[in-house]
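Asker: any chance you can model this:
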Amino acid sequence: MKIVMKPGAAQAQIEKVIEVIRNNNLNPHVTDEGGPVVIGAVGDGYGVPRETFTDLPGVESVVDISQPYHLASRPFHPRDSVFDLGAGCVGGEEIIVIAGPCSVESRSQILETAQAVREAGATALRGGVFKPRTSPYSFQGLGEEGLEYMAEARAQTGMPIVSEIMSQVQLDLMVKYVDVLQIGARNMQNFNLLRAVGETRTTVLLKRGLSATVEELLMSAEYILAGGNQRIMLCERGIRTFETATRNTTDINAIPVLKGLTHLPVLLDPSHSTGEADYVMPVARAAIAAGADGIIVEVHPDPAHARSDGKQSLKPEAFAKLVQQVKAIAEVIGRRVAA
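Answerer: Modelled structure (predicted):
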């Protein structure tokens with residue numbers, strides 16, 4: 001449930017509400033954005049009557065939240081969450097563009113790509129260093145060496161860096177280097193990992209699972225929010241259906257659906273959702289028109305020789321064209337690409 005305090009409620013009254021929440025085996029989550037203080041009461045304390053809180057001094061109202069994802073829901077947090085990424089904000093009027101190779105393959109490759117996407121207008125740099133691959137014999141990434149190259153690229157371009165974490169044992173290392181922890185589709189329901197990143201305050205890019213529903217994606221986000229980390233971006237990256245013409249089926253519907261259900265920023269990955277470089281640009285345009293807060297695109301200087309996902313990677317010149325088209329669509333709908 002959501003407990004709304006009266007304007008100007010005393011700190012002692014707020015602390016009393018928090019105490020009662022904890023006494024009823026619930027967890028308090030306080031939101032103070034300049035208006036009345038809002039306290040979420042979530043957890044296993046089923047059957048706690050609303051009167052437990054409505055009669056407390058300083059309480060304005062108590063609202064039951066019907067969705068199982070309490071902290072991620074619009075009723076709990078009606079306004080869009082907006083937070084700084086170090087190179088623009090996500091969740092507001094600005095649209096972010098994250099770009100880079102599927103895998104960091106070498107120092108020269110990532111530095112060349114970083115410079116190219118920065119000049120084209122990217123907001124942040126992506127690059128995998130721990131790669132979840134279907135085959136154990138495929139390239140698995142460079143590990144910490146790759147993170148060092150990514151950090152060097154950040155120093156040269158000023159762009160924050162995004163990289164995928166596969167296990168909680170990698171957490172300390174990843175937090176040391178990256179600005180955004182990407183949780184891939186295969187790990188969307190790795191609840192131990194979700195709990196672990198929830199204990200950090202590092203921004204998270206949470207991708208939808210291969211066959212996950214929108215509600216399941218939001219429940220995964222709830223794990224992170226329950227740990228106290230509110231800096232979450234959701235990412236639609238295509239779902240598995242009967243269709244084989246593309247790698248996955250892009251669920252454009254998920255963008256407006258998620259924007260209606262949650263306050264969290266919503267991005268789309270047109271590279272993984274299509275699996276074909278020729279389809280990336282039109283699907284990216286569709287994402288912005290549908291209301292996405294950003295896109296994450298794979299870019300490689302030599303896709304034909306990429307060690308992973310070359311088929312869906314754009315060359316830098318094609319990416320530059322994509323950014324210009326995204327800017328044009330953003331302007332039509334009253335938004336702008338983050339500088």
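
Asker: what's the neighbour count on Lys315?
Answerer: Number of residues near Lys315 (other C-beta atoms under 10 Å) recorded here: 16. Every residue, glycine included, has its C-beta placed from N, CA and C.

Asker: repeat that for the one 10 residues further on.
Answerer: Taking other C-beta under 10 Å as the criterion, the count of residues near Gln325 is 14.

Asker: look up the closest residue to it, ignoring the ones flanking it.
Answerer: Arg285 (5.7 Å; C-beta to C-beta, 6 or more residues apart in numbering).

Asker: now that neighbour, what's its secondary structure?
Answerer: Under DSSP: H, G, I helix; E, B strand; the rest coil, Arg285 falls in the helix class.

Asker: any idea how many residues pack against it?
Answerer: 17.

Asker: in this protein, where is pLDDT below threshold?
Answerer: Within the chain, the segments meeting pLDDT under 70 span 45-46.

Asker: ok, back up a step: pretty sure the residue nearest to Gln325 contacts Ile329?
Answerer: Yes - at 5.7 Å, Arg285 and Ile329 qualify as touching, with contact defined as C-beta atoms under 8 Å.

Asker: centre-most residue in the chain?
Answerer: Nearest residue to the geometric centre of the chain (C-alpha atoms, centre = their mean): Met233, 2.0 Å.

Asker: for that one, list each beta-bridge partner.
Answerer: On the basis of DSSP bridges, Met233 is bridged to Leu205.

Asker: who's in contact with it?
Answerer: Contacts of Met233 were listed using C-beta atoms under 8 Å, 6 or more residues apart in numbering, and they are 90-91, 180, 203-206, 264-267, 293-294.

Asker: just the buried residues of these.
Answerer: The neighbour count (16 or more other C-beta atoms under 10 Å) marks 90-91, 180, 203-206, 264-267, 293-294 as buried among the contacts of Met233.

Asker: how deep is Pro7 tucked in, by neighbour count?
Answerer: 10.

Asker: how about the residue nearest to it when sequence neighbours are not counted, secondary structure?
Answerer: Nearest non-adjacent residue to Pro7, counting by C-beta to C-beta, 6+ apart: Pro36, 5.3 Å away. Secondary structure assignment for Pro36 (three-state DSSP): coil.

Asker: and the strands in the stretch 151-300 of the chain?
Answerer: Secondary structure of the stretch 151-300 of the chain by DSSP state E, counting those that start in this stretch: the strands cover 161-164, 180-183, 203-207, 232-236, 266-268, 294-298.

Asker: what sits against the residue lying closest to Leu258 once chain neighbours are set aside?
Answerer: Spatial nearest neighbour of Leu258, chain neighbours left out: Val266 (4.7 Å); criterion: C-beta to C-beta, 6+ apart. Val266 makes contact with Met233, Leu234, Cys235, Glu236, Ala254, Ile255, Leu258, Lys259, Gly291, Ala292, Asp293, according to C-beta under 8 Å, 6+ apart.

Asker: of those, just say which sits nearest to Pro303.
Answerer: Using C-beta to C-beta, Cys235 comes nearest to Pro303 of the contacts of Val266, at 21.7 Å.

Asker: count the neighbours of Ile21 for me.
Answerer: 24.

Asker: just Gln168 next, same as before
Answerer: Residues contacting Gln168 under the criterion other C-beta under 10 Å number 16.

Asker: could the contacts of Val266 be laid out in CSV, adding distance to Arg74?
Answerer: Listed next are the contacts of Val266 as CSV, based on distance: C-beta to C-beta, whole Å:
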residue, distance to Arg74
Met233, 17
Leu234, 13
Cys235, 19
Glu236, 18
Ala254, 16
Ile255, 15
Leu258, 10
Lys259, 9
Gly291, 14
Ala292, 17
Asp293, 15
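
Asker: between those, which is closest to Met159?
Answerer: Nearest to Met159 among the contacts of Val266, with distances taken as C-beta to C-beta, is Met233, at 15.7 Å.

Asker: wait, isn't Thr274 in contact with Gly238?
Answerer: Yes - counting by C-beta under 8 Å, Thr274 does reach Gly238; the two are 7.1 Å apart.

Asker: now do the shared contacts for these two.
Answerer: Common contacts of Thr274 and Gly238, defined by C-beta under 8 Å, 6+ apart, comprise Thr246, Arg247, Asn248, Thr250.

Asker: hmm, which two among those residues are most spread apart?
Answerer: Arg247 and Thr250 (9.7 Å).

Asker: who does the residue nearest to Leu258 bridge with?
Answerer: As for beta bridges, Val266 partners with Leu234 under DSSP bridges.
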